[in-house]
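Just the structure for this:
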Amino acid sequence: MQRRQLIASLGGAIAWPLVARAQTKPVIGFVNAASPKGYAQQVSGFLKGLGEQGFVDGRNVVIEYRWGEEHNDRLPGMVADLVERKVAVIAATSAPAAIAAKKATGAIPIVFETGLDPVAAGLVSSLDRPGGNVTGITQMNIGLTPKRFEFLHELLPNAKLVGVMVNPSDGRLAQTTIEESKDAAKRLGLEVSVFNVTSADDFDAVFGKVAEAHIGGLVISGGPFFAAHSAQLAALTQRHAVPAIFQYREFTANGGLASYGSDITESYRLAGIYCGRILKGEKPADLPVQQGTKVELYINTKAAKALGLTLPITLLGRADEVFE
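Predicted structure coming up:
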């Protein structure tokens, strides 16, 4: 009893190794702001990374999934439940989930996966020395919006008005996307119209407005909300004949015109690896934040033909994958 009391009195200083050892199967709390629909590939990447560290769900680790279903206000309660259960590590795989987890606990390790700048978002002190109980993976997403504008301009050289679709609930990501869009448009001699979407129920009405505004092309913001609706967005761009560029491969694979962004499945794999390393005893403070470095361009030639577009050979040559 004296030994157990001594261990208990040490508190948060050794909280995460104790949690991992105290359970036959350590528990990972996986939290995301979106819906599981459309996230099978990302979850598969996470499980792959975890497996590379020797952990398999149901065999020697248990994963408790929590999905916000696009209601960010639910995330604090979900994270609080995981904290109360004393999970071994929290995998916060979206910016809102990471921010909620950071606010909820300073003891349980947190591994984030996000497209935000984690330093600017207040998740870590620095990329090399994150400090505290938080580390993770950041996608190469912020800063890519201007490049998407360039690609769209190359595809649509005669377009003068370009739309950008954002989710105001994404906070910093939405604001940064709008700022980068305006800067890129000014440099390319284009005008920008901003279209806000806060729910999947808004899509039809907003795409109707995009068509009515005679938008030459559309840049869709990244983030978990839009990622979860990649297939629906692709279908809507086809239905309304809107040339659009997005971040995720799934959009182009499902009939969207083009995608340009980081390999999100790889980012989830890296997050899984970090969770596994923490389960083995490493501390988040000693694991520098990793940045995704692989950026890919996808083009759908069938979508281009339906839109009456002629794809530049030079652009096709730069594509990582072409869907026909």
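
what residue ranges in the stretch 1-150 of the chain score low on pLDDT?
Scanning the stretch 1-150 of the chain for pLDDT under 70 picks out the ranges 1-23, 140-142.

show me where it has strands.
Assigned by DSSP state E, counting those that start in this stretch, the strands in the stretch 1-150 of the chain fall at 27-32, 62-67, 89-92, 110-114, 134-138.

got the ones you listed as a markdown table, with mean neighbour count and distance to Leu156 columns?
C-beta: built from backbone N, CA, C; applies to glycine. Compiled in a markdown table, the strands of the stretch 1-150 of the chain are given as follows (neighbours: other C-beta atoms under 10 Å; distance: least, C-beta to C-beta, whole Å):
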| stretch | mean neighbour count | distance to Leu156 |
| --- | --- | --- |
| strand 27-32 | 25 | 34 |
| strand 62-67 | 18 | 36 |
| strand 89-92 | 30 | 37 |
| strand 110-114 | 30 | 30 |
| strand 134-138 | 27 | 30 |
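
With distance to Ala228 as extra columns, can I get those in JSON lines?
Below are those laid out as JSON lines (distance: least, C-beta to C-beta, whole Å):
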{"stretch": "strand 27-32", "distance to Ala228": "9"}
{"stretch": "strand 62-67", "distance to Ala228": "9"}
{"stretch": "strand 89-92", "distance to Ala228": "16"}
{"stretch": "strand 110-114", "distance to Ala228": "14"}
{"stretch": "strand 134-138", "distance to Ala228": "19"}
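
ok, Val119 touching Ser125?
Yes. If you go by C-beta atoms under 8 Å, Val119 and Ser125 touch, sitting 7.3 Å apart.

And the nearest residue to Glu70 once chain neighbours are set aside, how close does it get to Gly256?
In space, and not counting its chain neighbours, Glu70 is closest to Phe225: 5.6 Å by C-beta to C-beta, 6 or more residues apart in numbering. From Phe225 over to Gly256 the distance is 16 Å, taken as C-beta to C-beta, to the nearest Å.

These two - which one has more neighbours?
Set Phe225 next to Gly256 and count neighbours by other C-beta atoms under 10 Å: Gly256 wins out with 31 against 26.

Just give the nearest non-adjacent residue to that one, would you?
Distance criterion C-beta to C-beta, 6+ apart; nearest residue to Gly256, sequence neighbours excluded, is Ala234 at 3.9 Å.

quick one: what helix or strand has that neighbour in it?
Under the criterion of DSSP states H and E, Ala234 resides in helix 230-239.

Could you list the residues in contact with that helix?
Residues outside helix 230-239 that contact it (C-beta atoms under 8 Å, 6 or more residues apart in numbering): 38, 200, 203-204, 207, 218, 220, 226, 242-244, 246, 248, 250-252, 254-257, 303, 306.

Among the residues you listed, which ones are in helices?
Per DSSP state H, helices hold the following members of the contacts of helix 230-239: 203-204, 207, 226, 250-252, 303, 306.

ok so, going back, would you mind confirming that the residue nearest to Glu70 is in contact with His71?
No. Phe225 lies out of contact with His71 (C-beta under 8 Å); the separation is 10.5 Å.

Outline the domain layout of the protein.
Per the record, the chain has its domains at 2-139+264-294, 145-262+296-323, by automatic domain parsing.

Would you mind measuring the gap between the ends of the last one?
Okay, so that is domain 145-262+296-323. Domain 145-262+296-323 has its terminal residues 22 Å apart, counting by C-alpha to C-alpha, to the nearest Å.

For that domain, what is the distance to the chain centroid?
Averaging C-alpha positions (C-alpha atoms, centre = their mean, to the nearest Å) puts domain 145-262+296-323 17 Å from its chain's average.
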